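Trainee: can you look at this prediction? I've put the sequence above it.
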Amino acid sequence: MTYVLEGHEHRVSDVNEGFECDACNRSYGDGYSCGECKFTVHKKCVFVFNIQARINHPSHDGHCLEFLTTGAPDYTDPKCHLCGKNTKRLLYHCYDCKLNLDIDCIIDSLCARSDLNMEWHQHPLLMVDFKASLMSCDFCYGTSKHGYCCPRCRLVIHEGCVSVFESPEIIHPSHVRHPLKLISSGAPDYTDRSCDICGGTTGNLLYHCDICKFSLDLDCATEGPPPVSLSNMKIHKHTLTLMPKLISFVCDACGTKGDRSPYICVQCDFMIFHQKCARLPRVINVNHHDHRISFKYPLGPGEWRCGVCWEEIDWSRGAYSCSICPRYAIHSLCATRRDVWDGKELNGVPEKVEYIEPFKRNDDNTITHFAHEHNLTSLGKCGEESSLCRGCVCPIGSCTFYKCSESDCSFILHETCANLRKKKRHFLSPQPLTLCLQSSPLNDFCEACHQVFYHGFSYSTYLRKSLDIFCSSITVPLIHGSHDHHLLYLKQRFGDVKTCRSCGMDETEVVIGCTKCDYFLDFRCATLPLTVTLPRYDDHPLTLCYGDEKASGRYWCDICERETNPKTWFYTCKDCGITLHVFCVVGDIRYAKDGKHMGWYLNTLLSNNSSSRPLCHNCHCRCPGSFILKVRKWSNSENRRVFKLFCSYYCFIISGYAGRDDSKVKLRCPPWTIGNQIQLME
């Protein structure tokens, strides 16, 4: 962002660190930088002198001196007419006499006009009109119309804040041995310029004890002292006492290294870093584990790894562990993260049985599933290979399955889909997930992989966020065939971008990956099926390959008849040697089922099994995929309903026929449309 600096011809930009001010030669604080003039200046230096833009100086009676930020004019001698030194970028100038006065020489004159002398500040303060300036007060950090400034050390303080410092010394409960003196020139050089209580930067205004080298920032001094002792904690039975002293230690509650003011229990040799560590809950539920976990100190001998970040846990510190699973533990800070813990303390709360059977077993071969009104019978592994499971909408194949016992009902489920839990915990949601029979028309995309789905089972939260059963089946750490190391769930911060190694698309929300190798996968690629059967193109199972670095020559996809890159992920038939694009095999709609409406009115998925492939209304390519999307719309020009065919969800959305906000859906361009983009634009 750039700004207009009064009195300067060019726009300037923010600079926060790593610069030396051209007015005061100091290198702390934030300022402005001009790329044209190659100069940097503190914001406070500009502010203090800009509010005195025109002054009369005793050494130059009769004419006003004007404040400049552009350096001495070319037609003048750049030296100061008082001290003889070369002036800098900021100076005062007389246009009538063509002479210059540097900042250092003007300060004495400004201080001679002082309106206020305070015992706690070594320099006189000058009352000024802040006007419309956004410069904040060094005490309250707010803005006001009137206040005081110190031309020498650039202190800025509001008129109403001065009364707060009528007493230059205070006795603070965190440091009762000596009084703390108010200083306004910053912490002494022999300190680390940090508050000994909170660790924050003290700034120019602070309270300090030069005997103990103890510093206290204004927030800790004025907003109430930290409690001298902590009691009635859930993670420790004894009272903890504050030790306001610089001391290096490791927090026994969270394992974080501290360097100041711990709370200690002498009886147990127990130390904690933050007050928030004293408020850690005793018993909680986390989304990475099925059972409750409770805080334990010390964790106990052994090799422990955190169930969230997979880093080692120091067994001599405190952590959360599971009483049912003897080797499961989580770091305290990992367990209480917002995306891991639902914020509920369960100490003393009776535990509810969260596991609910998805079906009732009638006998050895018959069950009653909550998703179907009739009984289902186990039929082994044969006779229904091409039928689609109602749960995952994938072919039954050679898996064991259940089928409706009624002769006129075709309901069928994989055994694994029939055993999906009605409620489960998953690392993608702090709240438990509930198994749903189908997605809602208003929430028909997966929050993890951003793919559209309309049929089959899904999991959702009370906030109506949905996960398809493929993404909700991932557990971490994940062992994936594309990488030698385990992959962990990574929730990205705002602005972070990770690139998927499979498809090359950027992901800004959730990925799984190996940070040591800078290897990341989005959830769509991480859940791609390892084997797929496409009878129309090949009678053999197709296998997912993660790229062939030794591949050479040109390869072609047998579905879209476009070139493939075998060094990236692709599907292949080991018997026939063909290569197929991932998009051409799996498409961009999950749970595709022939003849089913797609959540919005009169849009239908149809098998692309006719003798001639239809043309896509958007890209004008012959639809090569297994399914086409048939859209029925009212045509005002023809005064009737018309049908449009689309080769993919991508083409349907960018055509404008969707009439809905799909900004959260991650669209991938079909490979067969890439060569047609120029033609479409024409």
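Mentor: Thanks, I have it.
Trainee: which neighbouring elements make contact with the longest helix along the chain?
Mentor: In the chain, with assignment by DSSP state H, the single longest helix is helix 103-112. Helix 103-112 sits against helix 43-50, strand 54-57, strand 91-94, with contacts defined as 3 or more CB pairs under 8 Å, 6 or more residues apart in numbering; DSSP states H and E. From N, CA and C alone the C-beta is placed, and that goes for glycine too.
Trainee: and those as JSON lines, adding distance to residue 211?
Mentor: JSON lines is the format used below for the helices and strands packed on helix 103-112 (distance: least, CB to CB, whole Å):
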{"stretch": "helix 43-50", "distance to residue 211": "31"}
{"stretch": "strand 54-57", "distance to residue 211": "42"}
{"stretch": "strand 91-94", "distance to residue 211": "43"}
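Trainee: out of these, flag the one nearest residue 467.
Mentor: Among the helices and strands packed on helix 103-112, the nearest to residue 467 by CB to CB is helix 43-50 (47.8 Å).
Trainee: for the record, mean pLDDT for the closest one?
Mentor: Averaged across helix 43-50, pLDDT comes to 70.
Trainee: what's the answer for stretch 148-162, then?
Mentor: 75.
Trainee: dump it to CSV, keeping only the CA atoms.
Mentor: Extracted in CSV, the C-alpha atoms of stretch 148-162 (Å, rounded to 0.1, in the frame of the first residue of the first chain):
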residue,chain,number,x,y,z
TYR,A,148,2.1,16.6,23.6
CYS,A,149,5.2,15.5,21.7
CYS,A,150,8.9,15.4,22.5
PRO,A,151,11.0,16.8,19.6
ARG,A,152,14.1,15.0,20.9
CYS,A,153,12.9,11.4,21.5
ARG,A,154,9.7,11.6,19.5
LEU,A,155,7.4,10.7,22.4
VAL,A,156,3.7,11.3,21.5
ILE,A,157,1.1,11.3,24.3
HIS,A,158,-2.5,12.6,24.4
GLU,A,159,-3.5,15.4,26.6
GLY,A,160,-5.8,13.1,28.6
CYS,A,161,-3.2,10.5,29.1
VAL,A,162,-0.7,12.8,30.8
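Trainee: can you list the residues that contact stretch 333-344?
Mentor: 254-256, 280-281, 284-288, 293, 306-309, 319-320, 330, 427, 430-431, 491 (CB atoms under 8 Å, 6 or more residues apart in numbering).
Trainee: which members of those are classed as buried?
Mentor: Neighbour-count burial within the contacts of stretch 333-344 applies to 254-256, 280-281, 284-288, 293, 306-309, 319-320, 330, 427, 430; the criterion is 16 or more other CB atoms under 10 Å.
Trainee: partners of the following helix or strand past the longest helix of the chain in the sheet?
Mentor: Downstream of helix 103-112, the next assigned helix or strand under DSSP states H and E is strand 126-129. Strand 126-129 has the following sheet partners, assigned by DSSP bridges: strand 146-149 (antiparallel).
Trainee: and the next helix or strand past the partner strand?
Mentor: strand 156-158.
Trainee: give the partner strands of that following strand in its sheet and their orientations.
Mentor: Partners of strand 156-158 in the sheet, by DSSP bridges, are strand 146-149 (antiparallel).
Trainee: tell me how many other residues crowd residue 361.
Mentor: 10 (other CB atoms under 10 Å).
Trainee: residue nearest the middle of this protein, spatially speaking?
Mentor: residue 493 (1.5 Å; CA atoms, centre = their mean).
Trainee: wait, a strand at that one?
Mentor: No - assessed with DSSP: H, G, I helix; E, B strand; the rest coil, residue 493 is coil; it does not lie in a strand.
Trainee: run through the bridge partners of residue 644.
Mentor: Beta-bridge partners, per DSSP bridges, of residue 644: residue 631.
Trainee: hmm, it is touching residue 616, no?
Mentor: No - Residue 644 is not in contact with residue 616 according to CB atoms under 8 Å; the separation is 9.1 Å.
Trainee: who has more neighbours, these two?
Mentor: Neighbours were counted for residue 644 and for residue 616 using other CB under 10 Å; residue 616 has more, 27 against 18.
Trainee: got a list of what the nearest residue to the more buried one once chain neighbours are set aside touches?
Mentor: Nearest residue to residue 616, sequence neighbours excluded (CB to CB, 6 or more residues apart in numbering): residue 647, at 3.9 Å. By CB under 8 Å, 6+ apart, the contact set of residue 647 is 616, 618, 619, 621, 623, 624, 625, 628, 629, 670, 672, 673.
Trainee: can you get me a residue count around the closest residue to the last one other than its chain neighbours?
Mentor: Distances taken as CB to CB, 6+ apart place residue 619 nearest to residue 673, at 4.0 Å, with adjacent residues excluded. Applying the criterion other CB under 10 Å, we find 25 residues in the vicinity of residue 619.
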